[in-house]
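> this one's structure only:
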């Protein structure tokens, strides 16, 4: 696993995510059992990543191009490639506001420091196409032993998390995918609402984690095959 040292939310982080499958967006590509999906939605997701790769190449070829763009202009620019734009909402804003308190609360529960991180890329190659951006990593003797994922849901959903005291189904793939990417056996999930006690769930490696690791390798191969198809079908031909 390779760690990319860049602040989450920065332009470099956004660009690095454009062409990588991220743990938070596994649903279209990976089934609930951890298997690689053969659905049309999965193919569309790969096409979006390939388009994102082209957008990333534009940024690389034109350093500083994003410096003159405001948030809306950047979103519109990226939408031309990926078809997706993200403007944020009350839920994401709440997450940004609550994250420091939530991380501090989890750190106190665990009795250990939680280190911030930019992006974790699977394998030992910078060109790895699967990644995650944990809310923190936990080290012991210089070795990563666990990670953390914090959510700041609306109060109604926080209540459900508190009562269930289990990893919510909505985040199962993300958490186990992150474990597979970072090659650790433990992940700490937290659900936090300001003024309420943090809900903490310790998640251990399982058959799902191992299945995801295998599927990520299959995904890399399918991504490459699709990329070659795109190049072959869209490259400019010289006139006869």
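Done, it's in. Because the structure is predicted, anything quoted here is derived from the model rather than measured. Residues are numbered from 1 along each chain as shown.
> point out where this structure drops to low pLDDT.
Counting by pLDDT under 70, the chain shows low-confidence ranges at 85-96, 236-240.
> that one: strands as residue ranges?
2-4, 21-22, 119-121, 130-132, 136-140, 143-151, 186-191, 199-204 (DSSP state E).
> tell me the strands beside the shortest one, with direction?
With DSSP bridges as the test, strand 21-22 is paired with strand 130-132 (parallel).
> that older thread, so which of the strands of the chain is nearest residue 228?
strand 21-22 (17.6 Å; CB to CB). No exception for glycine: its C-beta is placed from N, CA and C like everyone else's.
> so what does the lengthiest helix in the chain touch, helix or strand wise?
The single longest helix within the chain, with elements called by DSSP state H, is helix 207-234. Contacts defined by 3 or more CB pairs under 8 Å, 6 or more residues apart in numbering; DSSP states H and E place helix 207-234 against strand 21-22, helix 40-61, strand 130-132, helix 172-182.
> same thing but 7 Å
helix 40-61, helix 172-182 (3 or more CB pairs under 7 Å, 6 or more residues apart in numbering; DSSP states H and E).
> so the first one versus helix 207-234, what angle?
This points to helix 40-61. Helix 40-61 runs at 70 degrees relative to helix 207-234, counting by axes from the mean of the first three to the mean of the last three CA atoms, to 10 degrees.
> which residues sit against helix 40-61?
When contacts are defined by CB atoms under 7 Å, 6 or more residues apart in numbering, helix 40-61 is touched by residues 15, 18-21, 28-29, 65-66, 78, 81-84, 222-223, 226-227, 230.
> these two touch, right, residue 208 and residue 175?
No - contact criterion CB atoms under 7 Å: residue 208 and residue 175 do not qualify, at 9.5 Å.
> so which of the two has more stuff around it?
Taking neighbours as other CB atoms under 10 Å, residue 208 and residue 175 compare with residue 175 leading, 24 against 19.
> I figured the more buried one hits residue 203, correct?
Yes - applying CB under 7 Å as the test, residue 175 and residue 203 come out as touching, 5.4 Å apart.
> identify the contacts common to these two.
Common neighbours of residue 175 and residue 203 (CB under 7 Å, 6+ apart) are 167, 187, 189.
> rewinding a little: report the distance from the longest helix of the chain to the chain centre.
Offset of helix 207-234 from its chain centre (CA atoms, centre = their mean, to the nearest Å): 16 Å.
> and it with strand 199-204, angle?
Orientation note: helix 207-234 sits at an angle of 80 degrees relative to strand 199-204 (the same axes, to 10 degrees).
> quick check: buried residues in helix 207-234?
208-209, 211-213, 215-216, 219-220, 222-223, 227, 230 (16 or more other CB atoms under 10 Å).
> export those residues to JSON lines and append columns for distance to residue 72.
Formatted as JSON lines, these follow (distance: CB to CB, whole Å):
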{"residue": "208", "distance to residue 72": "39"}
{"residue": "209", "distance to residue 72": "39"}
{"residue": "211", "distance to residue 72": "40"}
{"residue": "212", "distance to residue 72": "35"}
{"residue": "213", "distance to residue 72": "38"}
{"residue": "215", "distance to residue 72": "36"}
{"residue": "216", "distance to residue 72": "34"}
{"residue": "219", "distance to residue 72": "32"}
{"residue": "220", "distance to residue 72": "34"}
{"residue": "222", "distance to residue 72": "34"}
{"residue": "223", "distance to residue 72": "30"}
{"residue": "227", "distance to residue 72": "30"}
{"residue": "230", "distance to residue 72": "29"}
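> much appreciated, bye for now.
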